[in-house]
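Visitor: sequence below, structure please.
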Amino acid sequence: MAKRKLAPRPGILDIEPYVPGKSKVDGGGPVTKLSSNENPFGASPKAVAAFKAAADQLSLYPEGSAAALRETIGAFYGLDPMQIVCGAGSDELLGLLAQAYLGPGDEAIYSRHGFLVYPIVIMASGATPVVAQETDLTADVDTILGCVTERTRVVFLANPNNPTGTYLPFEELKRLREGLPEDVVLVIDAAYAEYVLKDDYQPGIALVDATPNTVMTRTFSKIYGLASARVGWAYCRPRSPGC
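Guide: Predicted coordinates for the structure are as follows:
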């Protein structure tokens, strides 16, 4: 019997590792990564107190469905908790969406300066990443739509986008969704939603409510200063995986 060589799936070794900003520098003190939106003032004292209060429960497994957190998020935003999925940061949720919808032979689109995790989760699922060029460092709806083929299954869009600081107005977001085939999932990564104060911006909740093939992801790592807690959530229609 021929001896088989152990190897990962094709394409896995082609994935470039995600390289975050430095957490320390030689000869210097602790570093606050402003490019990652780490809060130099720390988390809310109430969050710190809650974290300390939970220390006595470190020996226990957490409640798997995150029911209390989903209910709290739902109450805060006026959403159905049954349509909310929580994960270890929005990174995990992006990976789960890729696993659910992508496979060998499929394609997924993201804009040129989008989140570096997108190509990682796309390739890890066995699919092919497709880069849509931007206009003035802003995602371009027409360019994204021009990249769609019969193999396209997912479009990942960071809105607003880091590090460019640009965003698509809600009307453009709707135009993108309307221009995509019904069998293509639009993933709106709204990690920085709280930082946009423009009247023409919406994070994507209304679009999720209106279409069954749209998912919005959010995080507690940015505006809430809870980066090390790794807490993210997604809002989706009931037929989406996990909802």
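Visitor: if I look at the residue nearest to residue 36 when sequence neighbours are not counted, how far off is residue 91?
Guide: Excluding the flanking residues, the one nearest residue 36 by C-beta to C-beta, 6 or more residues apart in numbering is residue 21, at 5.7 Å. In this view, the C-beta of every residue, glycine as well, is placed from N, C-alpha and C. Here the distance between residue 21 and residue 91 works out to 15 Å (C-beta to C-beta, to the nearest Å).
Visitor: please say which of those two ends up with more neighbours.
Guide: Set side by side, residue 21 and residue 91 show unequal neighbour counts under other C-beta atoms under 10 Å, the larger going to residue 91 at 21 against 11.
Visitor: that one: which element?
Guide: Taking DSSP states H and E as the criterion, residue 91 maps to helix 89-101.
Visitor: buried sites along that helix?
Guide: Residues of helix 89-101 classed as buried by neighbour count (16 or more other C-beta atoms under 10 Å): 89, 90, 91, 92, 93, 94, 95, 96, 97, 98, 100, 101.
Visitor: got a list of what the closest residue to the fourth one other than its chain neighbours touches?
Guide: By that I understand residue 92. Distance criterion C-beta to C-beta, 6+ apart; nearest residue to residue 92, sequence neighbours excluded, is residue 232 at 6.8 Å. Residue 232 sits next to 86-93, 217-221 when contact means C-beta atoms under 8 Å, 6 or more residues apart in numbering.
Visitor: before we move on, the earlier item: check contacts around the residue nearest to residue 36.
Guide: Residues in contact with residue 21 (C-beta under 8 Å, 6+ apart) are 31, 33, 35, 36.
Visitor: so residue 145 makes contact with residue 177?
Guide: No. In this structure residue 145 lies outside contact range of residue 177 using C-beta atoms under 8 Å: 10.5 Å.
Visitor: of those two, who's got more company?
Guide: Taking residue 145 and residue 177 together and counting by other C-beta under 10 Å, residue 177 has the greater number of neighbours (21 against 18).
Visitor: residue boundaries of the strands in the protein?
Guide: Listed from the start of the chain, the chain has strands (DSSP state E) covering 84-87, 107-111, 128-132, 152-158, 185-189, 214-219, 232-236.
Visitor: format those strands as TSV; extra columns: distance to residue 46 and mean pLDDT.
Guide: Putting the strands of the chain into TSV (distance: least, C-beta to C-beta, whole Å; pLDDT from 0 to 100) gives the following:
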stretch	distance to residue 46	mean pLDDT
strand 84-87	19	96
strand 107-111	36	99
strand 128-132	40	98
strand 152-158	29	99
strand 185-189	27	98
strand 214-219	18	98
strand 232-236	19	97
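Visitor: out of those, the one nearest residue 53 is which?
Guide: With respect to residue 53, and counting by C-beta to C-beta, the nearest of the strands of the chain is strand 84-87 at 19.5 Å.
Visitor: so, low pLDDT: which residues of this protein?
Guide: 1, 28, 239-243 (pLDDT under 70).
Visitor: need the contact list for residue 93.
Guide: The contact partners of residue 93, by C-beta under 8 Å, 6+ apart, come to 85, 87, 217, 232, 233, 234.
Visitor: try residue 180
Guide: So residue 180 contacts 145, 148, 155, 186, 213 (C-beta under 8 Å, 6+ apart).
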